[in-house]
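>>> Give me the fold of what follows.
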Amino acid sequence: MQRTTFKITKMDCPSEEQMIRMTLDNLANIKSLEFDIPNRFLHVIHTDNNEQIFQRLEKLKLDTTIFSTVFLDNFTATDNQNDERKTLWTVLIINFLFFAIEIITGFISNSIGLVADSLDMLADSIVYGLALIAVGGTVVMKKNIAKFAGYFQIILALIGFIEVIRRFFRGGEMPDFQTMIFVSVAALIANVICLYLLQKRKSEEAHMQASMIFTSNDIIINSGVIMAGLMVNWLNSGYPDLIIGAIIFAIVARGAYRILQLSK
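Numbers count the residues shown, from 1 in each chain. Just a heads-up that it's a prediction; the model follows:
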């Protein structure tokens, strides 16, 4: 048994972690994958040599090098799949619930920021769904879902951009800032709970760490919508709502592009 550590310089987002997992998924000699996201390291426990693993990683063009290889005397695989599934199902349900709440209240309150944030919550639900499939799923299934999810998100983001442009040239329609702030605060609390649940697992697995990164980003986005709501009130203008909406749509589109990379 060997432990090879790969330095993957361009592994800087959850989609790339999923891409790596799917690329290596059907290699029988791999026993375990451990991701050190902040330091851009992938630790692979495997039998045989690491040549085939390295060749597959190189094809992803993420600037991969072999950092070290050591032989292991003992290795015991741990099975935390059931606990991981429960956690991921919980955060998926929370995110999908707030997607529904935000998109409905977004239309009612005339807030493009809330609508955009709802799509971001939907994007996270998709990532959690992919993470659930990663816990024992097949490569073909992951790629098909990734392709559908990616195109679906891009279409939604484009529709969102068109609406932002339409409202901009109409002078920026005034949203209900109170609804914006109230719903965004509730979504912020929900994301904090999700982050707590994910961190509580203390998992080094890629799909779990990817989920934590997405949730951490959501907390920042929720704060941005809250600030936009305050600015709408202070400036008596709908433009802050349009600006935060455009930013979030760009984030959703970028996430969609990275998810599509998984389907290749």
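>>> is it true that Asp12 lies in a helix?
No: under DSSP: H, G, I helix; E, B strand; the rest coil, Asp12 falls outside any helix and is assigned coil.
>>> Could you number the chain from 5 rather than 1 from now on?
New numbering, starting at 5: the last item is Asp16.
>>> Roughly how far does it sit from Asn43?
11 Å (C-beta to C-beta, to the nearest Å). For glycine as for every other residue, the C-beta is placed from the backbone atoms N, C-alpha and C.
>>> Ok, Gly228 next?
28 Å.
>>> list the contacts for Thr51?
5-6, 33, 35 (C-beta atoms under 8 Å, 6 or more residues apart in numbering).
>>> Can you name the next helix or strand after the lowest-mean-pLDDT helix or strand in the chain?
Ranked by mean pLDDT, DSSP states H and E, the weakest helix or strand in the chain is helix 18-28, scoring a mean of 73. Of the helices and strands lying after helix 18-28 in sequence (DSSP states H and E), the nearest is strand 34-40.
>>> So for the next helix or strand after that next one, mean pLDDT?
Per DSSP H and E, strand 34-40 leads on to strand 45-50 as the next helix or strand towards the C-terminus. Strand 45-50 carries an average pLDDT of 89.
>>> residues making contact with strand 45-50?
By C-beta under 8 Å, 6+ apart, strand 45-50 touches 5-12, 15, 24, 28, 31, 33-40, 54, 57, 61, 71, 76, 79.
>>> out of those residues, which are buried?
6-12, 15, 24, 28, 34, 36-37, 39, 54, 57, 61 (16 or more other C-beta atoms under 10 Å).
>>> hey, where'd the strands end up in this structure?
6-12, 34-40, 45-50, 68-75 (DSSP state E).
>>> now the third one, how far from the centre of its chain.
With C-alpha atoms, centre = their mean, to the nearest Å as the basis, strand 45-50 stands 22 Å off its chain's centre.
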